[in-house]
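Novice: Okay, sequence plus prediction incoming.
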There are 2 protein chains.
Amino acid sequence: MRIDVKKCAAILKEQDNILILTHAHPDGDTLGCGFGLCRALIKTGKKARVINADDIPKKYNYLFEDMPQYDFKENYIVAVDIATENLLGALADTYASKINLCIDHHGTNTEYAEYLLLEETAAACEIIYKVILELGADIDKKTADCLYTGISTDTGCFRYASSTSSTYRIAADLIDKGADNGYINRVMFETKTKTYARLEKLAIEDMELYCEDQVAIMAVTQEMYAKTGSNEQETEALAPITRQIEGVEIGITIREKPDGTCKASFRTFEKVNAAELAKAFGGGGHPQAAACRMSCSVEEAKKMLVEKCGEFLK
Amino acid sequence: MRIDVKKCAAILKEQDNILILTHAHPDGDTLGCGFGLCRALIKTGKKARVINADDIPKKYNYLFEDMPQYDFKENYIVAVDIATENLLGALADTYASKINLCIDHHGTNTEYAEYLLLEETAAACEIIYKVILELGADIDKKTADCLYTGISTDTGCFRYASSTSSTYRIAADLIDKGADNGYINRVMFETKTKTYARLEKLAIEDMELYCEDQVAIMAVTQEMYAKTGSNEQETEALAPITRQIEGVEIGITIREKPDGTCKASFRTFEKVNAAELAKAFGGGGHPQAAACRMSCSVEEAKKMLVEKCGEFLK
């Protein structure tokens, strides 16, 4: 059942012992939503906890390291920034059928939860911000850091066309409430680990153009991880690079998995709908950023992707 | 004489045939200020014109290409985003001693103009925005594009710690007035020409770490321009790259001039004041971004810079 911000806050007010689920391969938006909402709920006197199927990259530690840890049997289950149940990863088996409330910004949300608050904002954290205001909970510095992190990371630090004036105004409010925008953006966008810097160099060398230079494909292999000391967690920042060369309409990053299959991430401009492109391979996402799994080798994936891109560019 | 926004607007209201000077090697902020203010003045029925000592990079064409071109003998001369007279470049001889009003955000401004409106905002365009509001001039879509461009480019698209909540709110207002933030950020931050992409690859290969990996220096030589088909205008985007490796406190880009001398650009974090570092070589700028000229070869510059950085890091 679709609900609005007011109803969502009213529902949360009546619940306690709330378990918040974030999506697998967590990013700043799902974690910012999870820990931001969790902190606000705790402020209103409730018990709440955030869980994730995967390890949370270290750079996000400030989102939660000072938080009280509550142990409880969950009474109410909330999913944040999760478009489909399979994005729960390893948590899907236990929780997929039990989700009471979903707060999300993906137009592709499959309405798997009992209640769905869906607004197609640039970042899901914008919706959480509105829910917290409606809850009447105090947004302290740490909560502001969480929500700012989600907004900044999901908009490429306010670069993407998806950012609206409302996105900027919420960010301004969060800075006034103490969000450390300088630190957060430095960590999220201005800091390359030495291992990542080495990986990026190899990946850029590997990048090739196809379809009259309208498609850029970069592959990251297990061999590259071994060579550079890097790992898949560090590849998130590579995806935008593929789309940055003049004339490129579709940028694709292919990541080889340990079992030899791969995951492809798409970044596009207005001309091509990335979510539809990903859908052709069983994936999904946003109009300009999407992803899919491919049960084949990097080389086979490249071939299939180039062919499909050719069709989309016609 | 130092003045405030109110007084600045009052002065401009009384003037006509206004010549607006922007700084040499123009960037988004000086051009956004110049063309934004020019458009607003024209809206209030005045004649105004913007000039620059150097060629304006093509990507900025949308700032001015539809503007009426007025021919007049200037009655009043305004400098925007220009900290010192020598930043006028080739315009200095004619205008340096004749500047009536300067609107600037550099704490290092030498107060060379008759009137100075100085606020240490993240971008000078924030001040121009306030002046235009005070003038009571309409901010149309094109003016909003100009001001947004200045703010976005001077804050690294809202990344840098210099961005305040006010910076974000002004950006939000400009988006509401029609600024095409998606397009502008795509052009300014997400588009690499093929020649730039080749240059960037070479420059990253050249980059080396010094002072226990706290200093990264990247040199761009005339030979690299020749090899890649790129040019100095395209090097602006290289400077932030030097500061992005974990642990680096000072990032330096050295650009070789055709005469064999060089220009060094500094990017730092809180630990080191870039303006003071640049000052040691006769340059200047902001606490975290500054530059200087050096009348020596790239290799000699490297040596001197590493030594000086060592002192600053102690």
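Specialist: Thanks, I have the structure now.
Novice: make it CA atoms for all contacts and neighbour counts henceforth
Specialist: Will do.
Novice: Buried ones in stretch A:77-94, by neighbour count?
Specialist: Under the neighbour-count criterion of 16 or more other C-alpha atoms under 10 Å in any protein chain shown, stretch A:77-94 has A:77-85, A:87-89, A:91-92 buried.
Novice: I'd like the mean pLDDT over that stretch, please.
Specialist: Stretch A:77-94 carries an average pLDDT of 96.
Novice: can you check stretch A:236-251 too?
Specialist: Per-residue scores along stretch A:236-251 average to 88.
Novice: does A:Ala24 count as helix, strand or coil?
Specialist: coil (DSSP: H, G, I helix; E, B strand; the rest coil).
Novice: So for it, what pLDDT did the model give?
Specialist: On pLDDT, A:Ala24 comes in at 94.
Novice: Hmm, it is touching A:Ile51, no?
Specialist: No - A:Ala24 is not in contact with A:Ile51 according to C-alpha atoms under 8 Å; the separation is 9.9 Å.
Novice: just the strands in chain A please.
Specialist: Secondary structure of chain A (DSSP state E): strands at A:18-21, A:48-51, A:76-80, A:101-104, A:115-118, A:208-210, A:215-220, A:250-256, A:262-268, A:284-285, A:289-294.
Novice: any chance of those in a markdown table, plus distance to chain B?
Specialist: Formatted as a markdown table, the strands of chain A follow (distance: least, C-alpha to the nearest C-alpha, whole Å):
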| stretch | distance to chain B |
| --- | --- |
| strand A:18-21 | 29 |
| strand A:48-51 | 28 |
| strand A:76-80 | 25 |
| strand A:101-104 | 22 |
| strand A:115-118 | 23 |
| strand A:208-210 | 11 |
| strand A:215-220 | 12 |
| strand A:250-256 | 12 |
| strand A:262-268 | 11 |
| strand A:284-285 | 19 |
| strand A:289-294 | 14 |
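Novice: Pull out the buried residues from the lowest-mean-pLDDT helix or strand in chain A.
Specialist: Within chain A, no helix or strand scores below helix A:194-206, which has a mean of 87 by mean pLDDT, DSSP states H and E. Residues of helix A:194-206 classed as buried by neighbour count (16+ other C-alpha under 10 Å): A:Lys194, A:Thr195, A:Tyr196, A:Ala197, A:Arg198, A:Leu199, A:Glu200, A:Leu202, A:Ala203, A:Ile204.
Novice: of A:Ala24 and A:Ile51, who's got more company?
Specialist: Ranked by neighbour count (other C-alpha atoms under 10 Å in any protein chain shown), A:Ala24 and A:Ile51 place A:Ala24 first, with 21 against 16.
Novice: Phi first, then psi, for the more buried one.
Specialist: Per-residue torsions, A:Ala24: phi -60, psi 160 (degrees, to the nearest 10).
Novice: what stretches of the stretch 51-200 of chain A score poorly on pLDDT?
Specialist: Within the stretch 51-200 of chain A, no stretch has pLDDT under 70.
Novice: tell me which parts of it are close to chain B?
Specialist: Residues of the stretch 51-200 of chain A found near chain B (C-alpha under 8 Å from any C-alpha of the partner chain) are A:157-166, A:168-169, A:171-173, A:175-176, A:181-183, A:185-186, A:189-194, A:197.
Novice: Show me those residues that map onto helices.
Specialist: A:165-166, A:168-169, A:171-173, A:175-176, A:181-183, A:185-186, A:189, A:194, A:197 (DSSP state H).
Novice: List only buried entries from those.
Specialist: A:165-166, A:168-169, A:171-173, A:175, A:181-182, A:185-186, A:189, A:194, A:197.
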